[in-house]
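*Asks:* Have a look at this fold, sequence not included:
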C-alpha cells in the first residue's frame, strides 16, 4: 500500500480543456444574451467546471480547432462569467487571454471586441494578459 499527497481540487495545472467540454461551453456561449448566472451554468452542467478559469494557457490549445465566431463567443462568455459569477475569478490565468491570442494569430481580434472586453470586466489582465 502506498500513500500519496492529497491536493485539494486535484492538479488543475495538468488538466486540459477537452473538445467535449469546450463544446458544452460553446453551446452556452452561443445562446448568451449579456448576462450569466450560476443557474445558467448549472442548467448547462457546467457548475463544477470553474477549474477552467485558472488552468492556464496550454490547456486551451484545443480551442484552436474552433472557428473564430465560436472563439469570440467563448471570449465573451468567460469575460462575463468571471465578472458575474462568484467562484469563477481568474486573474492572469483567464481563458480569455489564450482565446484572444488565437484570434490575434488569425487576424480576427478587432478593436470592438477589445473595447467590449474592457468595458465588461474589472480584470486588469484582460484581454492581453500580463505585461511581463
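*Replies:* Alright, I've got the coordinates. This one's a predicted model, so the numbers in the text were calculated from it and none came from an experiment.

*Asks:* buried residues in the helix or strand containing residue 83?
*Replies:* Secondary structure assignment for residue 83, by DSSP states H and E: helix 68-84. Neighbour counts over helix 68-84 (16 or more other CB atoms under 10 Å) mark 70-82, 84 as buried. C-beta: built from backbone N, CA, C; applies to glycine.

*Asks:* could I get these as CSV with distance to residue 130 and pLDDT?
*Replies:* Compiled in CSV, the buried residues of helix 68-84 are given as follows (distance: CB to CB, whole Å; pLDDT from 0 to 100):
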residue, distance to residue 130, pLDDT
70, 26, 96
71, 21, 97
72, 22, 97
73, 25, 97
74, 21, 98
75, 18, 98
76, 21, 97
77, 22, 98
78, 17, 98
79, 17, 98
80, 21, 97
81, 20, 97
82, 16, 97
84, 23, 96
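
*Asks:* Low-confidence ranges, this protein, go.
*Replies:* The chain contains residues with pLDDT under 70 at 1-14, 132.

*Asks:* in it, which residue is closest to the centre?
*Replies:* Among the residues of the chain, the one closest to the centroid is residue 95, at 3.4 Å (CA atoms, centre = their mean).
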